[in-house]
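Asks: what's the 3D shape of this:
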Amino acid sequence: MSEEIEDWVKRIGERELPIFKYTATAIDQGVESEDTSTTELAQIILHDTSLTSRILRLANSVIYNPTNVPISTISRAILFIGFDMVRNISLSLAIIDSLLKARSREHVMKLMAKSFHGAALAQQLAKRRGDDATEEVFIAALLSSVGEMAFWCVAEDAGERILKLAAEEGCTAKAAQEKLLGFNFDQLTLALTRNWRMSDLLQSSINNPQLANPRIRDINLSKSLAESAPSGWEGKNTQAAIKKIAEHLKLKESETQRLVRRQAKEVAETIREYGAVEILGYLPVHSESKLGQDDGSDEFIIHAYPESDPLLQLAILKDLGSALETGPTPNVILEIILEGINRGVGMDRCVFALLSQDKTMVTDKYSISSNNEGFAKPFKFSVTANNIFSKALKEGQALWVQDAQAEQYKKLIDADVSRILEAESFMLYPVVIDGKPIGLIYADRKPSEREIDMDMFAAFKQFGQQACLAIEHISKRR
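Replies: Here you go, the predicted model:
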């Protein structure tokens, strides 16, 4: 990587668009095993309510779920769609969010519209060929211009100079970029995606565009058409692109004409799924299709804190049942259970605390918190002392502490426990497998200061019971 490109990657990631750097670093953390990777990715997504809703919306869309299998949890989405795909979708959404806030709105919106148009068409071409992983083609095509979009977000003036140079000297855009910057935007895209370890397919399509690889042809042919279509469907460049697509798919040109025009009209729905409705007006078909009109509706209403939702609770328990068919690890089961307690029961903070091998401590192993409002201090407690945690493990029953200051809890909730939890009301469920405790589940609503009611406690207990049953079930199968 040249020094010039490296400097721009740092500028984009650290100074100008920190969401790029934060999200890429968080999602791409080094982990010890694939299972741990899945758990960490789920936790990162679940800390962002908006991202959670949008990932689930996409996981249930025809783009990623053509068989229409209901998916209600992030953990199940990762299992169903695949770790790499959910990871790439998460990064794509974070990038899109950053780009939508750019100063150079018109130029960036045009670029983004072309990217979505090209991505949706590339996926359609892959489907026509019988490709078994069309989602990868979609993501690679979607990010094919991310270098240029990111550049315009942080350096609008330099972008204008590049356009002016290309117009005045009659050179190509790539030549103008290299003359002023010392690199071109494709090279910047490569550097960014390498830095975030995203989409090997995208990197191949840029490095080896002439490679006889059908996926690379899907991406580059679709990108070419998306570039030319805004100038007119009957234009020379557009018709040339359609002819090449017809040859690629071995279709008649007339059939290909209908295919690409129909796909262009349908791309608006893809844009809706990604939550980028601001760019609908920049599509080459927005005047022909009512799909480009946004009615403002969204089935995923974003709340500051999760609300108790009995229907979602049932859906998540169904997700757990579906996951059990694939023989998941206890980690995946506990992740689904915590997500159910967080999003379904409506708890702000949820923890699975693992019992140490010497049976003396419980320590946070997995946790989910709304709006990143976790515990200020480590969730780690002794269970050799007479406290609320040792009581729950000893009795093997769920506990609902409605008032931590009540007389009955004075000896069980000491100053150290109160200082870490800072909650007046919370719930505990001991996870006992084959008669042996392995840890406990904790949940509260401290960040929002909302009350816990009897229905929530009943639902919390149900999820705790299902955790024990599911882990026992898979342990016997092994």
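Asks: low-confidence ranges in the stretch 51-200 of the chain?
Replies: 102-104 (pLDDT under 70).
Asks: can you do 80?
Replies: Low-confidence segments of the stretch 51-200 of the chain (pLDDT under 80): 63, 91, 94-95, 97-105, 156, 195-199.
Asks: how about residue 440, secondary structure?
Replies: Classification of residue 440 by DSSP: H, G, I helix; E, B strand; the rest coil places it in strand.
Asks: contact partners for the nearest residue to it once chain neighbours are set aside?
Replies: The shortest distance from residue 440 to any non-neighbouring residue, by CB to CB, 6 or more residues apart in numbering, is to residue 430 (4.9 Å). The C-beta positions use only the backbone N, C-alpha and C, and glycine is treated the same way. Residue 430 is in contact with 392, 393, 395, 396, 397, 398, 437, 439, 440, 464, counting by CB atoms under 8 Å, 6 or more residues apart in numbering.
Asks: secondary structure element for the residue lying closest to the last one once chain neighbours are set aside?
Replies: Spelled out, that is residue 464. Counting by CB to CB, 6+ apart, residue 429 is the residue found nearest to residue 464 once chain neighbours are left out, at 3.3 Å. Under the criterion of DSSP states H and E, residue 429 resides in strand 426-433.
Asks: average pLDDT for that strand?
Replies: The average pLDDT within strand 426-433 is 96.
Asks: how about stretch 377-392?
Replies: 93.
Asks: with just CA atoms, put it into CSV.
Replies: Presented in CSV, the C-alpha positions along stretch 377-392 are these (Å, rounded to 0.1, in the frame of the first residue of the first chain):
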residue,chain,number,x,y,z
LYS,A,377,-17.4,-2.5,37.0
PRO,A,378,-16.8,-6.2,36.2
PHE,A,379,-19.7,-8.5,36.9
LYS,A,380,-17.7,-10.9,39.2
PHE,A,381,-18.9,-12.2,42.6
SER,A,382,-17.9,-14.8,45.1
VAL,A,383,-20.4,-17.6,45.8
THR,A,384,-18.6,-18.9,48.9
ALA,A,385,-20.0,-16.0,50.9
ASN,A,386,-23.7,-15.9,51.9
ASN,A,387,-25.0,-13.5,49.2
ILE,A,388,-27.9,-13.3,46.7
PHE,A,389,-25.9,-15.3,44.1
SER,A,390,-24.9,-18.2,46.3
LYS,A,391,-28.6,-18.3,47.5
ALA,A,392,-29.8,-18.6,43.9
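Asks: what's near enough to touch the closest residue to residue 437 other than its chain neighbours?
Replies: Computed as CB to CB, 6+ apart, the closest residue to residue 437 that is not its neighbour in sequence is residue 393, at 4.8 Å. Applying CB under 8 Å, 6+ apart to residue 393 gives the contacts 355, 362, 383, 430, 437, 440.
Asks: and residue 393, helix, strand or coil?
Replies: Going by three-state DSSP: residue 393 is helix.
Asks: now the contacts of residue 430 as JSON lines including distance to residue 341?
Replies: As requested, the contacts of residue 430 are exported to JSON lines (distance: CB to CB, whole Å):
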{"residue": "392", "distance to residue 341": "16"}
{"residue": "393", "distance to residue 341": "18"}
{"residue": "395", "distance to residue 341": "20"}
{"residue": "396", "distance to residue 341": "19"}
{"residue": "397", "distance to residue 341": "17"}
{"residue": "398", "distance to residue 341": "12"}
{"residue": "437", "distance to residue 341": "19"}
{"residue": "439", "distance to residue 341": "14"}
{"residue": "440", "distance to residue 341": "13"}
{"residue": "464", "distance to residue 341": "8"}
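Asks: domain-wise, how is the chain divided?
Replies: 3-30+82-292, 310-477 (automatic domain parsing).
Asks: hey, what's residue 401 bridged with?
Replies: Per DSSP bridges, the residues bridged to residue 401 are residue 426.
Asks: got the contact list for it?
Replies: 388, 409, 413, 425, 426, 427, 428.
Asks: kindly recompute the last result at 7 Å.
Replies: Applying CB atoms under 7 Å, 6 or more residues apart in numbering, we find residue 401 in contact with 388, 409, 425, 426.
Asks: of these, which is the nearest to residue 370?
Replies: For these, the closest approach to residue 370 (CB to CB) belongs to residue 426, at 14.8 Å.
Asks: I figured the closest one hits residue 444, correct?
Replies: Yes - with contact defined as CB atoms under 7 Å, residue 426 reaches residue 444; the gap is 3.9 Å.
Asks: which one's more surrounded, these two?
Replies: Set side by side, residue 426 and residue 444 show more neighbours around residue 444, with 25 against 22, by other CB atoms under 10 Å.
Asks: what's the more buried one sitting at in phi/psi?
Replies: phi -150, psi 180 (degrees, to the nearest 10).
Asks: if I look at it, how far off is residue 105?
Replies: Between residue 444 and residue 105 the distance is 42 Å, computed by CB to CB, to the nearest Å.
Asks: save the contacts of residue 393 as TSV, and put in distance to residue 6 too.
Replies: Listed next are the contacts of residue 393 as TSV, based on distance: CB to CB, whole Å:
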residue	distance to residue 6
355	47
362	45
383	50
430	52
437	52
440	48
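Asks: list just the nearest of these to residue 250.
Replies: residue 440 (60.8 Å).
Asks: just the CA trace of stretch 308-328, in CSV.
Replies: C-alpha atoms of stretch 308-328 as CSV (Å, rounded to 0.1, in the frame of the first residue of the first chain):
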residue,chain,number,x,y,z
SER,A,308,-41.8,-6.6,26.6
ASP,A,309,-43.2,-8.4,23.6
PRO,A,310,-44.9,-11.8,24.2
LEU,A,311,-45.2,-12.5,20.4
LEU,A,312,-41.4,-11.9,20.0
GLN,A,313,-40.8,-14.1,23.0
LEU,A,314,-42.6,-16.9,21.2
ALA,A,315,-40.7,-16.2,17.9
ILE,A,316,-37.4,-16.3,19.7
LEU,A,317,-38.2,-19.6,21.4
LYS,A,318,-39.1,-20.9,17.9
ASP,A,319,-35.7,-19.7,16.8
LEU,A,320,-34.1,-21.7,19.6
GLY,A,321,-36.0,-24.8,18.5
SER,A,322,-34.8,-24.3,14.9
ALA,A,323,-31.2,-23.8,16.1
LEU,A,324,-31.3,-27.0,18.1
GLU,A,325,-31.8,-28.9,14.9
THR,A,326,-28.3,-27.9,13.8
GLY,A,327,-26.6,-29.0,17.0
PRO,A,328,-25.4,-25.7,18.3
